[in-house]
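Colleague: Sharing a model that was predicted from the sequence below.
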Amino acid sequence: LHVLVEGFEMLPTKPAPPGPDRSAATAVFFVSRYGGLGIHSVLAAMRTFPDHFRNFVFVGVGVVDYGQFKGAEQVERLAEESRRGVDRDGERMRAAGYWAEGVSDVSTDPIGRIEAFGAEIAGRFPRAVFFAGHLIFPHEHNPLVRLLHAQSVFEIQRRLQYRGLQMVVLPIRVIAG
């Protein structure tokens with residue numbers, strides 16, 4: 001049996017362990033509301049490091065933009081979307097036989113909150129390696145979009161590495177079709 005995720009064959013199904021193995025390698029994925037990027041990042045990391053990780057943590061931080069969000073209800077909706085996303089990714093990994101959890105929050109400073117999550121997770125999992133997907137388009141016609149998108153993932157990487165934490169940026173190709 002295989003778990004089918006958004007049209008992609010993922011991993012064989014098997015029972016998940018009851019708790020984390022804190023001495024084992026842990027893959028930590030920074031995911032956004034776009035669920036496809038998270039699962040593509042997981043698959044890319046597992047192809048690159050086969051049979052290496054035993055624990056998986058998914059981190060989602062919803063961006064509170066006060067220009068768009070006018071009330072607590074909208075912020076709570078954003079928080080719920082973020083929780084659902086990381087919970088869904090965790091469920092997929094548990095179905096594949098791994099220990100997994102999701103952590104999420106909302107923030108006006110998502111890079112700072114991700115950095116704080118990174119430090120917290122590294123304290124619980126000493127062998128954590130952090131991952132983020134970076135969308136690669138065949139032809140990017142808007143240099144501003146490319147610059148803004150690229151800078152956030154590399155700023156997170158810079159901050160975590162300054163703390164002595166390992167982070168890998170995974171290129172995720174977008175194929176026009």
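Modeller: Sure thing, it's come through.

Colleague: residues near Gln151, how many?
Modeller: 12 (other Cβ atoms under 10 Å). C-betas here are computed from N, CA, C, even on glycine.

Colleague: ok, it to Arg22 distance?
Modeller: For Gln151, the distance to Arg22 equals 33 Å [Cβ to Cβ, to the nearest Å].

Colleague: and what of Asn55?
Modeller: Distance of Asn55 to Arg22, given as Cβ to Cβ: 8 Å.

Colleague: Among the two, which residue is more densely surrounded?
Modeller: Using other Cβ under 10 Å, the more surrounded residue of Asn55 and Arg22 is Asn55, with 24 against 13.

Colleague: For the helix or strand encompassing Ile39, buried residues please.
Modeller: In the assignment (DSSP states H and E), Ile39 maps to helix 35-48. Buried residues in helix 35-48, counting neighbours by 16 or more other Cβ atoms under 10 Å, are found at 35-46.

Colleague: elements contacting it?
Modeller: Applying 3 or more Cβ pairs under 8 Å, 6 or more residues apart in numbering; DSSP states H and E, one finds that helix 35-48 makes contact with strand 8-12, strand 26-31, helix 72-95, strand 128-136, strand 166-173.

Colleague: could you redo those as TSV and give each row distance to Glu155, mean neighbour count and mean pLDDT?
Modeller: Shown next, in TSV, are the helices and strands packed on helix 35-48 (distance: least, Cβ to Cβ, whole Å; neighbours: other Cβ atoms under 10 Å; pLDDT from 0 to 100):
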stretch	distance to Glu155	mean neighbour count	mean pLDDT
strand 8-12	29	14	55
strand 26-31	12	25	95
helix 72-95	20	17	89
strand 128-136	11	20	90
strand 166-173	11	15	90
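
Colleague: circling back: confidence-wise, which of the buried residues of helix 35-48 comes last?
Modeller: In terms of pLDDT, Gly35 ranks lowest among the buried residues of helix 35-48, with 54.

Colleague: Let's verify Ile156: helix, strand, or coil?
Modeller: helix (DSSP: H, G, I helix; E, B strand; the rest coil).

Colleague: That one and Leu165: what is the separation?
Modeller: 10 Å.
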